[in-house]
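A.B. asks: Prediction below, plus the sequence it came from.
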Amino acid sequence: MSTAVISAYRVATTPQFGGHFWVYMQYAHALRQLGFEVFWLERVEADALRRDPAAISRFMRRMERFGFGRQAILYDLVGAGGELRFNGATASRAEAAFRRAEFLLNFHYEIDERVLGRFRRTALVDIDPGLLQWWISRGQLRVPAHDLYLTTGETVGAPEGRIDDCGLTWLHIRPPVCLDLWPYAYDPSCRRFTTVSSWLGGEYVTEYGKVLYRNDKSISFLSFAELPSRTRSELELAIYLKGGEDCADRALLERRGWLVRHARGIANTAQRYQTYIQASRGEFGCVKPSCLEFQNAWVSDRTLCYLASGKPVVVQDSGPSSFLPDGEGMFRFSTVEGAAAALATIERDYRRHSRAARAIAEAYFDATAVLARVANLALSPPARSRVGAAVSGSTPPSEAGT
């Protein structure tokens, strides 16, 4: 049996983000379905454990429910020499897994080179298309050399696109959804179009110390605040609220006819996240401003979960795509009028659009097909190339799946 390792980012210590867990589990489960022995590798820093001492035990219970209890390798780097200290696996078991691994799929952009160097072949997986290349090209992030660079951004490096390739060859892959874990769940009695989203993340796109724009989801959603008055469909947002400005935004949305719920109460585990999506009529979703700026033809991992469940999606258009459907099962809007028209079209023949949604997931995003291609690419990588330079104060990846 071949062995593969995925290096996830900030999952064990962020249990409140059920969707974030699913981002990486889609890859891990699909590789296992393809016959790989799969290990989940993740750095958990001591400071995070001091804030939440129960994080590891809680995370391991979650992994056990998916059959990965013995496959999780948590580590930290300690001392001046960067010695690896392991949790969830002994050092000998972890090192043996690294030696056996055919390849590492790495989602941790700033993974330490001493960890990366333990693997025969390495592939970086870009799930922040546009932003990652911006951070690299502006010296805000140092990415160590990998054998292969994969991206879920359809327009990364395209001649007509807006995203710098950073001198690297980026291979496009589609984000995966495991069709067996996300079964068709047609139910015409479900009433609300929903989404699960971050709101105010304090995220800014900067260039050489200058703030160019704020990159919070709130900006995009608020530009469509009047939508409930243009449609008979019920619209609900499950958002990660904090306080202050969040409360003012919530009050504004509710006055405009939105239903607003706190995501921490309904999407804070993988199971609750799935239940919420599969009890929805469909998805209404907006993208971060950076997706519009970069025109990255973004499709969210969350949207794929709706599609696989047979829930039609109405999502903000973030650029031309060579394959994304628009008009049956999936609708891509740019205006309030376009969003309202899409919702009305779905309501006129909900069964048809529900079936079309599932068909889109099967045709384009089937995780076993996506990961079969990923594995083939990872096993035949080009020569390594160096990228970036070390900087102080890095920009972390966006919270995936929001």
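C.D. replies: Happy to help now that I have it.

A.B. asks: How confident is the prediction for the closest residue to Arg214 other than its chain neighbours, by pLDDT?
C.D. replies: Leaving aside its sequence neighbours, Arg214 sits nearest to Tyr204 (Cβ to Cβ, 6 or more residues apart in numbering; 5.6 Å). Heads up, the C-betas are built off the backbone N, CA and C, glycines and all. With respect to pLDDT, Tyr204 has a value of 95.

A.B. asks: Quick one: residues contacting Tyr204.
C.D. replies: Contacts here follow Cβ atoms under 8 Å, 6 or more residues apart in numbering; on that basis Tyr204 touches Val211, Leu212, Tyr213, Arg214, Asn215.

A.B. asks: In those residues, which residue is surrounded by the most others?
C.D. replies: Asn215 (20 neighbours; other Cβ atoms under 10 Å).

A.B. asks: where's that one relative to Cys286, distance?
C.D. replies: As judged by Cβ to Cβ, to the nearest Å, Asn215 and Cys286 stand 12 Å apart.

A.B. asks: next one: Pro312
C.D. replies: Distance from Pro312 to Cys286, by Cβ to Cβ: 16 Å.

A.B. asks: neighbour count winner among those two?
C.D. replies: Counted by other Cβ under 10 Å, Pro312 and Cys286 do not tie: Pro312 has more neighbours, with 28 against 23.

A.B. asks: my read: the more buried one touches Arg355, true?
C.D. replies: No - Pro312 is beyond contact range of Arg355, at 9.6 Å (criterion: Cβ atoms under 8 Å).

A.B. asks: if I look at these two, which residues touch both of them?
C.D. replies: What both Pro312 and Arg355 touch, as defined by Cβ under 8 Å, 6+ apart, is the set Gly329.

A.B. asks: Buried residues, the helix or strand hosting Leu171. List them.
C.D. replies: Assigned by DSSP states H and E, Leu171 belongs to strand 170-172. For strand 170-172, the neighbour count (16 or more other Cβ atoms under 10 Å) marks Trp170, Leu171, His172 as buried.

A.B. asks: tell me the contacts of Leu74?
C.D. replies: Applying Cβ under 8 Å, 6+ apart, the residues near Leu74 are Ala12, Glu42, Arg43, Val44, Ile56, Phe59, Phe86, Asn87, Gly88, Ala89.

A.B. asks: Buried among those residues? Need that as a selection in ChimeraX.
C.D. replies: To isolate the buried ones among the contacts of Leu74 in ChimeraX, judged by 16+ other Cβ under 10 Å, type:
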select :12,42,43,44,56,59,87,88,89
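
A.B. asks: Nearest to Val125, out of the contacts of Leu74: which one, please.
C.D. replies: Of all the contacts of Leu74, Val125 sits closest to Glu42, with 14.1 Å by Cβ to Cβ.

A.B. asks: Kindly provide the distance from that closest one to Tyr24.
C.D. replies: Applying Cβ to Cβ, the value for Glu42 to Tyr24 is 9 Å.

A.B. asks: what comes up buried for stretch 364-371?
C.D. replies: For stretch 364-371, burial by neighbour count (16+ other Cβ under 10 Å) applies to Tyr364, Phe365, Asp366, Ala367, Ala369, Val370, Leu371.

A.B. asks: before we move on, what about stretch 118-133?
C.D. replies: 118-119, 121-133.
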